[in-house]
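Student: Okay, sequence plus prediction incoming.
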Amino acid sequence: MSGNKFKRVLLKLSGEALMGEDAYGINRATIIRMTEEIAEVAKLGIELSIVIGGGNIFRGVAPGAQGMDRATADYMGMMATVMNALALQDALKNHGVVARVQSALNIDQVVEPYIRPKALRYLEEKKVVIFAAGTGNPFFTTDTAAALRGAEMGVEIVMKATKVDGIYSADPNKDPTATKYSRISFDEVITRRLEVMDATAFALCRDQKLPIMVFSINKPGALKRAVCGEDEGTLVHV
Ligand SMILES: Nc1ncnc2c1ncn2[C@@H]1O[C@H](COP(=O)(O)OP(=O)(O)OP(=O)(O)O)[C@@H](O)[C@H]1O
Ligand SMILES: O=c1ccn([C@@H]2O[C@H](COP(=O)(O)O)[C@@H](O)[C@H]2O)c(=O)[nH]1
């Protein structure tokens, strides 16, 4: 990395990480800590857009969703991301950061719909834009939504803040001998089927020549170091 601060980034925030130590839902102390880090970055003048996952809420309802039609369950998952987006917007407000939520699914009374030019204008005005409801389509994930919105917003990098501190040779939660990459190419990550992000997201970013950084959401200061172009986590490059 060059050590230069990025001007515009897309941050993919893990929904599951919002649970903290809880079984599901949003842990208050965890969302406050994450928000403090995001607020610090927003105040650096970086144009920040965020895609948030829904695993923390959807995991809570998943037992009831067993045996459900897949598309219906996916719409439930997307609705979960809307709840997280609203919680994040509210928490950011408490830290003096103005954020706007745009949803890929129309829920007019609650959030404004995704309108690309409007989102771009918010970024130029240095408002944080939170994209909710993923891509708006079942059979996708919020990782793919992050790649898609990142490309649409013309960001320099997609940053995936997750529960692991980078990409490993195998899932580090299953294989203690796995080793971490500091850099890896898109072709290698796809060929080796490294599953920290889904293959659709990796393929879209590769085609758009949009680098990805994967780092830990639980490591204090990691987000700031990452947006400031310092070595952090794993960089996926073309
Ligand atoms: N090669 C790998 N390197 C690192 N992590 C991996 C690898 N393969 C699988 N994983 C798993 O991927 C997980 C991160 O992806 P996951 O999709 O679960 O989280 P997320 O997208 O951050 O959360 P959410 O779906 O709630 O938004 C890690 O917790 C890790 O267990
Ligand atoms: O574009 C999308 C994005 C998400 N979903 C559904 O929502 C859940 C939660 O998203 P995560 O990426 O797992 O955090 C996901 O499991 C899908 O069921 C979707 O259908 N389309």
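Tutor: Yes, it's here. Ligands and ions are numbered 1, 2, ... in the order given.
Student: So, low pLDDT: which residues of this structure?
Tutor: 1-3 (pLDDT under 70).
Student: could you pull out the strands for it?
Tutor: Here the chain has its strands, by DSSP state E, at 8-13, 47-52, 99-103, 112-113, 128-132, 157-162, 183-185, 212-216, 234-237.
Student: which residues are contacting the fourth one?
Tutor: Yep, that's strand 112-113 we're talking about. Applying C-beta atoms under 8 Å, 6 or more residues apart in numbering, the contact partners of strand 112-113 are R100, V101, Q102, S103, A104, N106, K118. C-betas here are computed from N, CA, C, even on glycine.
Student: tell me the two of those that are most distant?
Tutor: R100 and N106 (15.8 Å; C-beta to C-beta).
Student: Neighbour count for the two, which is higher?
Tutor: R100 (19 against 12; other C-beta atoms under 10 Å).
Student: That one pairs with what?
Tutor: On DSSP bridges, the residues paired with R100 through beta bridges are V129.
Student: My read is that it contacts A132, right?
Tutor: No - using C-beta atoms under 8 Å, R100 is not in contact with A132, being 10.5 Å away.
Student: ok so, going back, any of the contacts of strand 112-113 buried? List them.
Tutor: Burial by neighbour count, 16 or more other C-beta atoms under 10 Å: within the contacts of strand 112-113 this picks out R100, V101, Q102, S103, A104.
Student: In contact with the closest residue to V41 other than its chain neighbours, which residues are there?
Tutor: In space, and not counting its chain neighbours, V41 is closest to V227: 5.3 Å by C-beta to C-beta, 6 or more residues apart in numbering. For V227, the contact set (C-beta under 8 Å, 6+ apart) comprises K5, F6, V9, V41, L44, I46, M159.
Student: among the residues you listed, which are in helices?
Tutor: Among the contacts of V227, DSSP state H puts V41 in helices.
Student: Farthest pair within the contacts of V227?
Tutor: Those two in the contacts of V227 that are separated most widely, counting by C-beta to C-beta, are L44 and M159, at 13.9 Å.
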